[in-house]
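Asks: Return atomic coordinates for the entry below.
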Amino acid sequence: MARTCRPACAPRGGLLVLFLLVSFAARGSDAHAYVHPKSKFPLQRVSVLSQTAVTLKPNVSVLQEDGQPVAVRVEDVQGALPRDVVAMYAPPTADPQRTVPLAWVNIQSANPDYATTGAGTVVFSVANFRADVVFRVVRNGTTLPDESIAVEGVSQPVVNAIAARPSQGHLALDGKGR
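Replies: Modelled structure (predicted):
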């Protein structure tokens with residue numbers, strides 16, 4: 001037996017619609033104003049220091065699988081700051097003054113004594129970006145509004161051996177069962 005709506009329940013449905021409309025209107029136009037952290041990266045304040053003692057040593061030279069962990073050892077950072085990060089760039093020729101890093105990891109968060117030793121190790125889970133990657137030290141953080149940012153040192157490239165591998169399941173088969 002089908003139920004029918006009695007006149008007593010009709011106003012409740014209308015109130016629900018009215019409540020939802022008012023709720024969404026109250027959120028305002030900023031409801032979808034999410035700002036991605038990478039969009040705040042201050043490229044206009046980046047300087048690249050070519051004469052530096054900073055060394056970066058990835059623990060692998062070839063990326064063999066998607067999501068492979070790569071540990072990067074940083075040494076000889078003079079005047080280390082708690083806001084320093086190791087940033088990952090692709091391709092290796094990317095200009096740090098024109099390219100936002102793919103990812104970055106705060107050095108001190110993984111190495112509490114970094115500010116005194118100027119050395120530490122950070123780990124990246126490197127996805128298949130279909131290009132080789134390099135790592136650089138970005139001094140003074142990544143998003144401070146009025147601070148200058150210096151990029152020091154560069155690692156040897158980590159070669160991507162899986163650049164041609166499909167990254168999505170529906171692309172993995174070529175119709176020949178491969």
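
Asks: Can you report how many residues lie near residue 93?
Replies: When neighbours are counted by other Cβ atoms under 10 Å, residue 93 registers 11. All C-beta spots, glycine's among them, are computed from the backbone N, C-alpha and C.

Asks: Surely it is in a helix?
Replies: No: judged by DSSP: H, G, I helix; E, B strand; the rest coil, residue 93 forms no part of a helix; its state is coil.

Asks: Just the pLDDT at it, thanks.
Replies: Reading off the confidence values, residue 93 has pLDDT 93.

Asks: Okay, it and residue 132: tell me how far apart.
Replies: According to Cβ to Cβ, to the nearest Å, residue 93 stands 9 Å off from residue 132.

Asks: likewise residue 149?
Replies: For residue 149, the distance to residue 132 - Cβ to Cβ - is 24 Å.

Asks: more crowded one of these two?
Replies: Neighbours per residue, other Cβ under 10 Å: of residue 149 and residue 132, the larger number sits with residue 149, 23 against 19.

Asks: these two touch, right, that one and residue 104?
Replies: No: if you go by Cβ atoms under 8 Å, residue 149 and residue 104 don't touch, sitting 11.3 Å apart.

Asks: now what about stretch 96-109, what contacts it?
Replies: For stretch 96-109, the surrounding residues in contact (Cβ atoms under 8 Å, 6 or more residues apart in numbering) are 38, 41, 43, 46-48, 74, 77, 80, 82-90, 114-115, 120, 122-124, 129, 133, 136-138, 142, 151.

Asks: Stretch 53-63 too?
Replies: The contact list for stretch 53-63 (Cβ under 8 Å, 6+ apart) reads 68, 70-78, 86, 126, 128, 133, 135-137, 152-156, 158-162.
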